[in-house]
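Participant: take a look and give me a structure for this.
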Amino acid sequence: MPDDIVTSIQKMQKDTVTFTAEELLKIYETARSTELTALQAAARSLYPDRKDDRGEPPLSVWEGGGRAFPYGPHGDYCRPACTITSPLCRMLGIMEDGTPHFY
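Facilitator: Just a heads-up that it's a prediction; the model follows:
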């Protein structure tokens, strides 16, 4: 019997180097920065064996975010100031004040 779609995707992605959302949070808390170089340095110290094809930690950072989170004293929904991500859609939104939110 052929694999179902979920099993097929899992097999295709089994060699993808990534960080979990919890690991992204630990990297961010260690770096205390949203600068890619600082995040990469923290990732290297925490997870020295986790590298992509280029020999770098599998991280990227971009300004803004694709989701809004409750934020501020009134709980208004706001988009993060930046998003830290790793392959397979693991993302961490960082608000203006540095508060992290899992996507």
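Participant: select the helix or strand of the chain having the lowest average pLDDT value.
Facilitator: Sorting the helices and strands of the chain by mean pLDDT, DSSP states H and E puts helix 5-12 at the bottom, at a mean of 58.
Participant: after that helix, next one along is what?
Facilitator: Downstream of helix 5-12, the next assigned helix or strand under DSSP states H and E is helix 21-31.
Participant: residues in contact with that following helix?
Facilitator: When contacts are defined by CB atoms under 8 Å, 6 or more residues apart in numbering, helix 21-31 is touched by residues 19, 34, 38-39, 41-43, 45-47, 57, 59, 84-86, 90-92, 94, 100, 102-103. Placement of C-beta: from N, CA and C, glycine included.
Participant: what distance do you get for Thr18 to Ala81?
Facilitator: Distance from Thr18 to Ala81, counting by CB to CB, to the nearest Å: 23 Å.
Participant: what's the answer for Ala68, then?
Facilitator: Ala68 sits 12 Å away from Ala81, going by CB to CB.
Participant: these two - which one has more neighbours?
Facilitator: Neighbours were counted for Ala68 and for Ala81 using other CB atoms under 10 Å; Ala81 has more, 16 against 13.
Participant: so what's the more buried one closest to, chain neighbours aside?
Facilitator: Glu96 (4.9 Å; CB to CB, 6 or more residues apart in numbering).
Participant: the one you found - that's part of a helix, no?
Facilitator: No. Assessed with DSSP: H, G, I helix; E, B strand; the rest coil, Glu96 is coil; it does not lie in a helix.
Participant: tell me how far it lies from Gly72.
Facilitator: 9 Å.
Participant: overlap in contacts, the two.
Facilitator: Jointly contacting Glu96 and Gly72 under the rule CB under 8 Å, 6+ apart are Cys78.
Participant: so Pro70 sits in a helix?
Facilitator: No. Under three-state DSSP, Pro70 sits outside any helix and is assigned strand.
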